[in-house]
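Trainee: Model the structure of this input:
(one chain, ligands or ions: 2)
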Amino acid sequence: MVAVFAGSVGQQLAHTQISNRRRMVESVADRPSCDTKLLMHSVEDAASAVASRIAKLATENVPLRDAHGRFTAVDVTAPRSVPSFDNSAMDGYAVRWADLPGTFQVVATVGAGQIMTVPVPPRAVVRILTGAPMPAELDTVVIQEDAEVEGDHVKLPEEKQGENTRKVGEDIMEGEIAVAAGSRLGPGELGLLASLGVSEVPCVRAPRVAIIATGDELVDVSTPLGPSQIVDSSAHMLPAMIRELGGIPTYVGIAKDDPITMAALIASALDHDCVITTGGVSVGDRDHVRAALASAGVELELWKVAMKPGKPFSFGMNGRVPLFGLPGNPVSAFVAFELFVRPALLTMQGATKTQRPRAPVSLVRGYRKSVGRTHFIRARVERHGEHLVAHPHPKQGSAILSSLVGTNALVELPAEASEISPNSHMQAILLEAM
Ligand code: AMP
Ligand code: MG
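Mentor: Ligands and ions are numbered 1, 2, ... in the order given. Predicted coordinates for the structure are as follows:
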């Protein structure tokens, strides 16, 4: 389809438009013919179309020190019990419970890392420190605050049997599942696995994600700006989003708005597990990504989603490599990444949980929208007792990066809704725990 420009423009502009139209016709000729699967999709259909094509990556053993943020490929079972010996949970006196209460001779002191090598005589006790192994004959610890020391003797009150001790396997028993398959290894999981002596974990490979920006106007953040240039801000936003999910971003660079260079850059990135492009997917006469994708052997499956922001989202495959064409506007790119790329990168890593939590929120202001597209409102959600209240950012434009600062939710205005009154209850995608 060739765009037709409205009438009253100067001669000069008309010439430019005609040559632009020619260029567009040329590039359209290279494009795949119109395909029904490339009609505008609902958000749900687009998400399931993407999900149906994404496969889990291979497994590799990762040293524990490098495993933070990685996903387990199998159930990791405890190779031993923790604790591996009964020990004292407090500083105090280890005693035979049956002997309590009474006054006892203190025959030894045992600290963490030490061990009693001689038997404890009847009616004797041992001064014991936190973490020290319980002498075999003793079963209870009386804390030192409850003890009265009299020379080399100590007076101890009643205590519950086994009190202030930690038993073998009390944390985890040999053979129990320590971390289930598809879990993200956070500080707690890493601590537990280390305590079990697991020095290597079978993890799913971290997806290597190539990012290609497109646009003649884009420059690197440290380049002084020319009069019509802008910074490729997505070059910093998207890698951060990928890293937060455990992926490894590679910023390939900025492709000029010409389909040949774009196709070459895309083709050069196909050795990654996933490729993301930004921009060039609208219907402007500089939007060459579709043609470039076709020349790079990418079969398009989606082209446009009924959402705002983020309508010009595209998705295709080159063999096993998924390719996400994110819109150029950074907020659109952010939202489309959240909805489609994030679950895909998690699925690639075998994550059990691939979706953000959702919750109903009360939206403090009303909206009027046209029917047909799902809107995702950037908002700050706060908890008020039982309820979540969403304060939308006042500026909702798709180029308004400042709307992403402090945003912790995307409030969904349904496609079929047209009038949303203030304090309506809407579903929100929560970007942080509430
Ligand atoms: P496009 O989809 O290429 O027409 O881009 C839509 C808008 O987003 C234009 O104003 C572009 O200048 C802007 N844009 C495209 N790519 C980026 C990027 N990587 N970083 C920031 N803005 C971008
Ligand atoms: Mg562009």
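
Trainee: What is the subsequent helix or strand relative to the lengthiest strand in the chain?
Mentor: Of all the elements of type strand in the chain, the one with the most residues (DSSP state E) is strand 374-384. Past strand 374-384, heading to the C-terminal end, the next element that is a helix or strand (DSSP states H and E) is strand 387-392.

Trainee: hang on, the earlier thing: pull the residues that contact the longest strand of the chain.
Mentor: Here strand 374-384 makes contact (Cβ atoms under 8 Å, 6 or more residues apart in numbering) with 42-43, 306-310, 331, 335, 339, 361, 363, 367, 369, 388-393, 396, 403-404, 406-415, 428-430, 434. Where you see a C-beta, it was placed from the backbone N, CA and C, and this is true even at glycine.

Trainee: Show me the residues you listed that map onto helices.
Mentor: When DSSP state H defines the helices, the subset of the contacts of strand 374-384 inside them is 43, 331, 335.

Trainee: how deep is the second one tucked in, by neighbour count?
Mentor: Okay, so that is residue 331. A count of nearby residues for residue 331, using other Cβ atoms under 10 Å, gives 25.

Trainee: Test my guess that it contacts residue 399.
Mentor: Yes: with contacts counted by Cβ atoms under 8 Å, residue 331 reaches residue 399, the gap being 6.6 Å.

Trainee: could you pull out the strands for the stretch 51-200 of the chain?
Mentor: Counting by DSSP state E, counting those that start in this stretch, the segments of the stretch 51-200 of the chain that form strands are 59-63, 76-77, 87-88, 92-95, 102-110, 124-128, 140-143, 148-150, 153-156, 165-166, 177-179, 200-204.

Trainee: what's the distance between the residue in the stretch 51-200 of the chain that ligand 2 sits nearest to and ligand 1?
Mentor: Checking the stretch 51-200 of the chain residue by residue against ligand 2 with Cβ to the ion singles out residue 53 as nearest, at 25.8 Å. Between residue 53 and ligand 1 the distance, using Cβ to the nearest ligand atom, to the nearest Å, works out to 23 Å.

Trainee: Could you look up the SS state of the nearest residue to that residue once chain neighbours are set aside?
Mentor: Leaving aside its sequence neighbours, residue 53 sits nearest to residue 317 (Cβ to Cβ, 6 or more residues apart in numbering; 5.7 Å). At residue 317, secondary structure determined by DSSP: H, G, I helix; E, B strand; the rest coil is strand.

Trainee: In contact with the spatially most central residue of the chain, which residues?
Mentor: Among the residues of the chain, residue 245 comes closest to the average C-alpha position under Cα atoms, centre = their mean, at 3.4 Å. With Cβ under 8 Å, 6+ apart as the criterion, the residues that contact residue 245 are 342, 345, 346, 349.

Trainee: quick one, what contacts the first one?
Mentor: Going back to what we said before, that points to residue 342. Contacts of residue 342 were listed using Cβ under 8 Å, 6+ apart, and they are 241, 245, 354, 356.

Trainee: Are we agreed that it is in a helix?
Mentor: Yes: assigned with three-state DSSP, residue 342 falls within a helix.

Trainee: pLDDT weak spots in the stretch 301-434 of the chain?
Mentor: Under the criterion pLDDT under 70, no range of the stretch 301-434 of the chain is flagged.

Trainee: Spell out which parts of it neighbour ligand 2.
Mentor: Contacts of the stretch 301-434 of the chain with ligand 2, taken as Cβ under 5 Å from the ion, map to residue 328.

Trainee: Please work out how many residues are found near the residue of the stretch 301-434 of the chain found nearest ligand 2.
Mentor: In the stretch 301-434 of the chain, the residue found nearest to ligand 2 is residue 328; the distance is 4.8 Å by Cβ to the ion. In terms of burial, residue 328 registers 26 neighbours under the definition other Cβ under 10 Å.

Trainee: Which residue, neighbours along the chain excluded, lies closest to it?
Mentor: For residue 328, the nearest residue in space outside its immediate sequence neighbours is residue 279; the separation is 3.0 Å by Cβ to Cβ, 6+ apart.

Trainee: Alpha carbons only: can I get stretch 394-413 in PDB?
Mentor: Taking C-alpha atoms only, stretch 394-413 is exported to PDB below (Å, rounded to 0.1, in the frame of the first residue of the first chain):
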ATOM      1  CA  PRO A 394       0.400  12.400  33.600                       C
ATOM      2  CA  LYS A 395       2.200  12.000  30.300                       C
ATOM      3  CA  GLN A 396       1.300   8.800  28.400                       C
ATOM      4  CA  GLY A 397       3.000   9.500  25.000                       C
ATOM      5  CA  SER A 398       5.000   6.600  23.500                       C
ATOM      6  CA  ALA A 399       8.200   8.700  23.400                       C
ATOM      7  CA  ILE A 400       7.900   9.900  27.000                       C
ATOM      8  CA  LEU A 401      10.700   8.100  28.700                       C
ATOM      9  CA  SER A 402      10.200  10.100  31.900                       C
ATOM     10  CA  SER A 403       6.900   8.100  32.300                       C
ATOM     11  CA  LEU A 404       9.000   5.000  33.000                       C
ATOM     12  CA  VAL A 405      10.800   6.400  35.900                       C
ATOM     13  CA  GLY A 406       9.000   5.400  39.100                       C
ATOM     14  CA  THR A 407       6.500   3.300  37.100                       C
ATOM     15  CA  ASN A 408       5.800   0.000  38.700                       C
ATOM     16  CA  ALA A 409       2.800  -1.200  36.800                       C
ATOM     17  CA  LEU A 410       1.100  -1.300  33.400                       C
ATOM     18  CA  VAL A 411      -2.600  -0.800  33.900                       C
ATOM     19  CA  GLU A 412      -4.600  -2.500  31.100                       C
ATOM     20  CA  LEU A 413      -7.500  -0.700  29.600                       C
END
